[in-house]
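[1] Provided below for reference: sequence and predicted model.
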Amino acid sequence: MVYNLKPNLTFWPIQTPGCRKSRLPLKVVGMASKGSIQAEHGVLNLGEVLVGDCRSFEVPLINNGSCSVSFCLAVQQSLLDPGLPENSQKKDPVALELDSERGTIPARSRLLIRSTVRPARRTRYCWDLTYQTLSSAGSVLDAPQALCQVQDVRCSVEGLSKLQIWSLFSLGHLNAHLQRDPAPPELTYRVPTRHSLRRCPSIFTSAMLDFNFSAAPLGSDPSNVLLMFENTGSIPVSGQYL
């Protein structure tokens, strides 16, 4: 909506007593708009997060209007597990935390809201983010409006990502050991020589690295992990892992 105002400016010189007043007509044109904001992405997919761990991410908010918008955010949590009773879903604390629930976005600007996820149980989470616009005095102007959804957060051990498996099995250290030249105690020969009289290496070989299989709930299904080794050389290599 456009407003047209016609105020008058009256002025006179105070240094000259009895001087006639002057009037200057003005024209003021203003435009009123209802502020609103939106999320840059309607759905945010976080993937897998370990129970008891945390992950930080940012929610981009955009104001495409011609005026600044003050807002307050709210989070509604849902657990996408049909086996959970309804009362336990209400008692669970909200696992999504916002660094700032109130703020102001200038006109035609973008604001990043930093958030942190801390899942407390092994299930799938989903959060709905809503907002309400605020007046200059901080009072709420309208009803909650949908902003975006954070979903598909799977908190299970069997849904580990490749990066997490790489870290748990110390594959970076394993590759470093495999690329080194073998030490004399690690070498074996097809026939006895003066360098080695044993066909098999000693069982007292010191451990090169540890595998961390993480934790799993009692009674859960076993997990199978397949390690594939690649020979990047030009001759066949035989090895034994103890």
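    Received the coordinates, thanks.

[2] any idea how far stretch 99-117 is from the chain center?
    Centroid displacement of stretch 99-117 relative to its chain, using Cα atoms, centre = their mean, to the nearest Å, is 15 Å.

[3] which residues touch it?
    Contact partners of stretch 99-117, identified using Cβ atoms under 8 Å, 6 or more residues apart in numbering, comprise 37, 40, 46, 49, 54-74, 95-98, 125, 134, 150, 153. All C-beta atoms are positioned from the backbone trio N, CA, C, and that covers glycine.

[4] In strands, which of the residues you listed fall?
    46, 55-63, 69-74, 96-98, 125, 134, 150, 153 (DSSP state E).

[5] Around residue 75, how many other residues sit close by?
    The local packing of residue 75 (other Cβ atoms under 10 Å) involves 17 other residues.

[6] Can you tell me the closest non-neighbouring residue to the residue most central in space within the chain?
    For the chain, the residue nearest the mean C-alpha position is residue 57 (2.9 Å; Cα atoms, centre = their mean). Distance criterion Cβ to Cβ, 6 or more residues apart in numbering; nearest residue to residue 57, sequence neighbours excluded, is residue 115 at 5.8 Å.

[7] in this structure, which spans are helices?
    86-91, 162-168, 171-179 (DSSP state H).

[8] Please parse this structure into its domains.
    Partitioning the chain according to automatic domain parsing yields domains covering residues 38-157, 160-214+238-242.

[9] so what's residue 24 closest to, chain neighbours aside?
    Nearest to residue 24 is residue 9, by Cβ to Cβ, 6+ apart, at 4.3 Å.

[10] Could you list which residues are in contact with the one you found?
    Counting by Cβ under 8 Å, 6+ apart, the residues that residue 9 touches are 23, 24, 25, 26.

[11] Give me the buried positions along stretch 118-134.
    119, 122, 123, 124, 125, 127, 128, 129, 131, 132, 133, 134 (16 or more other Cβ atoms under 10 Å).

[12] Where does pLDDT dip in the chain?
    Within the chain, the ranges that satisfy pLDDT under 70 run 1-2, 16, 86-89, 152-162, 164, 182-223, 240-242.

[13] Could you tell me the end-to-end distance of stretch 36-55?
    End-to-end distance of stretch 36-55: 29 Å, with Cα to Cα, to the nearest Å as the criterion.

[14] Same question for stretch 97-110.
    20 Å.

[15] let's number from 8 now, not from 1
    Let's use 8 as the start, then, which means that last one is stretch 104-117.

[16] mind checking how far that stretch is from the chain centre?
    Taking mean C-alpha positions (Cα atoms, centre = their mean), stretch 104-117 and its chain are 17 Å apart.

[17] Let me see the contact set for the residue nearest to the centre of the chain.
    Residue 64 touches 51, 53, 121, 122, 123, 124, counting by Cβ under 8 Å, 6+ apart.

[18] Contact partners for residue 26?
    19, 20.

[19] related to what we said a few turns ago, quick one: neighbours of the residue nearest to residue 64, just the number.
    22.

[20] give me the beta-bridge partners of it?
    In this entry, residue 122 is beta-bridged to residue 64, residue 105, by DSSP bridges.

[21] now it: how far from residue 173?
    26 Å (Cβ to Cβ, to the nearest Å).

[22] who's in contact with the closest residue to residue 103 other than its chain neighbours?
    Once flanking residues are discounted, residue 103 sits nearest to residue 134: 4.7 Å by Cβ to Cβ, 6+ apart. Counting by Cβ under 8 Å, 6+ apart, residue 134 makes contact with 82, 83, 84, 85, 101, 103, 156, 157, 158.
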